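Trainee: Sequence first, then the predicted structure, then my questions.
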Amino acid sequence: MAVLVAALAASGFADSRSDAYADEAFKRALVTFAVARSLNGVISVAQGTEVAVEPGGVGVNFTVGQILDPINDLVEQFSSVMLVAASSLGLQNVLLSMTGWWGVTIVLVLAALFLIVRTWWPGGTKSATATLAIRIFLVAAFLRFALPILIIGTHIVFNTFLANEHDAATAVLEATSSEIEELSHQEFATESDPTERGLMDRLGEMWNSSVAQLNVAGRIERLKVSASNASEQIVHLIVIFLMQTIILPLGFLWLFIEGLKGIAGRAARFGSD
């Protein structure tokens, strides 16, 4: 086993895979963070916006900001979560470059050679030096492979169970941002012209304003539905990135540590027999 672990470390295969997966996760987090900031900016612009029409000379105002208030705080919190998630994934990239450093690989190879020598030395499996060699090798293996293993494991789980949900939720947020921006830009198209007009012009204006009122009211109703869906998808994305950056890495790290403990325990029992 020591030979296989040393060969894997020297080949750099795990490093190349984990580097690619960590970079992919980091870029995905940055894109999602950009979507969150864009939505937050659009909502901030729309806050306090009133879409006004005057059918029959009666003023009707639709306050877009009142509809968006419930999700405004949630979007800001989501932006904070995404900033932390992106920072965490960026930190993984930095730590990968450290664990993949050739010096760490040399330490692991030397620890493997020391373990092999003490194992095959006459009576070596029952000596205290052999136990020390096992511990040194397991510590070196942990430092060398803990981060690549948790990154690769997290990537597999994410692509299998979470990728489609992430893409769908991000698409909903992008669509909501576009709809809010479009509705805000339509504010001036529905305002009445204060200049004098003839009777037919005034009747035409009343008709157009009435139609505009119905259109805006319908759009705002759809905006309420979109805002509700966006809130739900934001919660889903928060759960996804908490799993990707905290829960899954800790889970795979725990499994790796338990595996090393199991190996150490079996080696100790073998040496005592």
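Mentor: Looks like it came in fine. Numbering: from 1, shown residues only.

Trainee: quick one: contacts for Lys261?
Mentor: Listed by C-beta atoms under 8 Å, 6 or more residues apart in numbering, Lys261 has no contact partners. The C-beta positions use only the backbone N, C-alpha and C, and glycine is treated the same way.

Trainee: And the host helix or strand of Arg118, how far out from the chain middle?
Mentor: Here Arg118 sits within helix 102-120, counting by DSSP states H and E. Taking the mean of its C-alpha atoms, helix 102-120 sits 37 Å from the chain's own mean (C-alpha atoms, centre = their mean, to the nearest Å).

Trainee: Which strands and helices lie in contact with that helix?
Mentor: Applying 3 or more C-beta pairs under 8 Å, 6 or more residues apart in numbering; DSSP states H and E, one finds that helix 102-120 makes contact with helix 2-11, helix 128-157.

Trainee: Of the ones you listed, which is nearest Phe114?
Mentor: Smallest distance to Phe114 across the helices and strands packed on helix 102-120 (C-beta to C-beta): 4.9 Å, for helix 128-157.

Trainee: That closest one to helix 102-120, inter-axis angle?
Mentor: 130 degrees (axes from the mean of the first three to the mean of the last three C-alpha atoms, to 10 degrees).

Trainee: pLDDT (mean, whole number) over helix 128-157?
Mentor: For helix 128-157, the mean pLDDT works out to 92.

Trainee: Check which helices and strands it sits against.
Mentor: Against helix 128-157 (3+ C-beta pairs under 8 Å, 6+ apart) you get helix 2-11, helix 13-46, helix 64-99, helix 102-120, helix 248-272.

Trainee: Confidence-wise, which of the ones you listed is weakest overall?
Mentor: Across the helices and strands packed on helix 128-157, helix 248-272 gives the lowest mean pLDDT, at a mean of 84.

Trainee: quick one, that helix and helix 64-99 angle?
Mentor: Using the same axes, to 10 degrees: helix 248-272 against helix 64-99 is 30 degrees.

Trainee: Report the buried residues of stretch 247-263.
Mentor: Buried residues in stretch 247-263, counted by 16 or more other C-beta atoms under 10 Å: Leu248, Pro249, Phe252, Leu253, Phe256, Leu260.

Trainee: Enumerate every residue touching the fourth one.
Mentor: Looking back up the chat, that one is Leu253. Ala146, Leu150.

Trainee: wait, Leu108 sits on Ala140?
Mentor: Yes. Between Leu108 and Ala140 there is a contact at 4.3 Å, judged by C-beta atoms under 8 Å.

Trainee: you'd agree Ala25 is up against Leu162?
Mentor: No. Taking contacts as C-beta under 8 Å, Ala25 lies outside contact range of Leu162: 11.1 Å.

Trainee: Below-threshold pLDDT in the stretch 151-273 of the chain: ranges please.
Mentor: Under the criterion pLDDT under 70, the flagged ranges of the stretch 151-273 of the chain are 184-218, 268, 270-273.

Trainee: show me where it has helices.
Mentor: 163-185, 199-242, 248-272 (DSSP state H, counting those that start in this stretch).

Trainee: can you list these in TSV and add distance to Gly153?
Mentor: Formatted as TSV, the helices of the stretch 151-273 of the chain follow (distance: least, C-beta to C-beta, whole Å):
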stretch	distance to Gly153
helix 163-185	15
helix 199-242	16
helix 248-272	4
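
Trainee: Excluding residues flanking it in the chain, which one is nearest Gly153?
Mentor: Excluding the flanking residues, the one nearest Gly153 by C-beta to C-beta, 6 or more residues apart in numbering is Phe252, at 4.1 Å.
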